[in-house]
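K.L.:
Sequence and predicted structure, then a few things I'm wondering about:
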Amino acid sequence: MIHPLTRFPIKRSLWYQGESNGGEGDPYVQKMRAMIETWRKRWDCDFPFYFVQLPNWGEPSNDPGGGGHDWQYCRMAQLKCLGIPGTGMAVTIDVGEAGDLHPKNKLDVGERLALWALAGEYGRAGLVHSGPLYKTMVVEGSRIRVSFDSVGGGLMVGRKAGRHQPSRTRVLPSSGSPSPAPTASGSGPMPPSTAAQSSCPVRGCPGPLPCAMPSA
């Protein structure tokens, strides 16, 4: 399937992971490494390989084991795949749909992959090209404070639906005042309380929420 294409030049690869591998753990990393290295060898080119992490799917559950499906193992394996040189991962844990294996919001998926390319191959400085990635955790009494890399202007919670964003909330510290915005290359903790954000974070959108940009 791929071999005939090796006669043509290649710039990069964008990989959208299907659910068939959803239950795999570390063997997934070995398969991806073997595939990426083989493709690069066949093309004789160390092209970038960007992939989409499995999105959220299924009804919310308080079960830390996953609540009936085991996609968390594959998501962790995909995170480990960032150890393969020249790779990037678009996090989509916020754009899936509980009852649909194929979520309709492809706009955010495409934009997040494009950010990796813009930052890595086109030299666009200052872009937050990666989704938040777990860094550390600290137990503070009855709470656990979790820190992430690649948080941009602050962690957000809310349901994403393409350009139309019906709700979006910024995570704030317990004092109720916004925390200083981390830099694009910095990291920041995830405080325990939240407060509403009134302005739209979409680039180019002049209005408040709901987003004034047209729906995708």
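P.N.:
Perfect, thanks for sending it.

K.L.:
Any stretches of the chain with poor pLDDT?
P.N.:
Counting by pLDDT under 70, the chain contains low-confidence ranges at 64-69, 157-216.

K.L.:
how about the helices in the protein?
P.N.:
For the chain, the helices defined by DSSP state H occupy 26-43, 71-80, 107-120.

K.L.:
Same list, the ones you listed, but as JSON lines with mean neighbour count and distance to Phe148 please.
P.N.:
C-betas here are computed from N, CA, C, even on glycine. Formatted as JSON lines, the helices of the chain follow (neighbours: other Cβ atoms under 10 Å; distance: least, Cβ to Cβ, whole Å):
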{"stretch": "helix 26-43", "mean neighbour count": "15", "distance to Phe148": "21"}
{"stretch": "helix 71-80", "mean neighbour count": "19", "distance to Phe148": "12"}
{"stretch": "helix 107-120", "mean neighbour count": "18", "distance to Phe148": "16"}
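
K.L.:
Would you mind saying which of the ones you listed lies nearest Ile144?
P.N.:
Proximity to Ile144, assessed across these by Cβ to Cβ, is greatest for helix 71-80 (17.8 Å).

K.L.:
Show me what the closest one is in contact with.
P.N.:
By Cβ atoms under 8 Å, 6 or more residues apart in numbering, the residues outside helix 71-80 that reach it are 17, 19, 21-29, 32, 51, 53-54, 57, 66, 89, 93, 133.

K.L.:
According to the record, where do the domains of this structure fall?
P.N.:
1-131, 132-216 (automatic domain parsing).

K.L.:
Look up the closest residue to Gly25, ignoring the ones flanking it.
P.N.:
Distance criterion Cβ to Cβ, 6 or more residues apart in numbering; nearest residue to Gly25, sequence neighbours excluded, is Tyr73 at 4.3 Å.

K.L.:
Please disregard the earlier target; I meant Ile36.
P.N.:
Phe49 (5.1 Å).

K.L.:
Which strand residues bridge that neighbour?
P.N.:
Phe49 has the following beta-bridge partners by DSSP bridges: Ser13, Thr87.

K.L.:
Touching, it and Thr87? I think so.
P.N.:
Yes - applying Cβ atoms under 8 Å as the test, Phe49 and Thr87 come out as touching, 5.1 Å apart.

K.L.:
who has more neighbours, these two?
P.N.:
Legend: neighbour count by other Cβ atoms under 10 Å for Phe49 and Thr87, higher for Phe49 (22 against 19).

K.L.:
which residues touch that one?
P.N.:
Arg12, Ser13, Trp15, Ile36, Trp39, Ile84, Gly86, Thr87, Gly88.

K.L.:
Look up how far Glu24 lies from it.
P.N.:
Separation of Phe49 from Glu24 (Cβ to Cβ, to the nearest Å): 18 Å.

K.L.:
What of Arg112?
P.N.:
23 Å.

K.L.:
Ile2 now?
P.N.:
Taken as Cβ to Cβ, the span from Ile2 to Glu24 is 21 Å.
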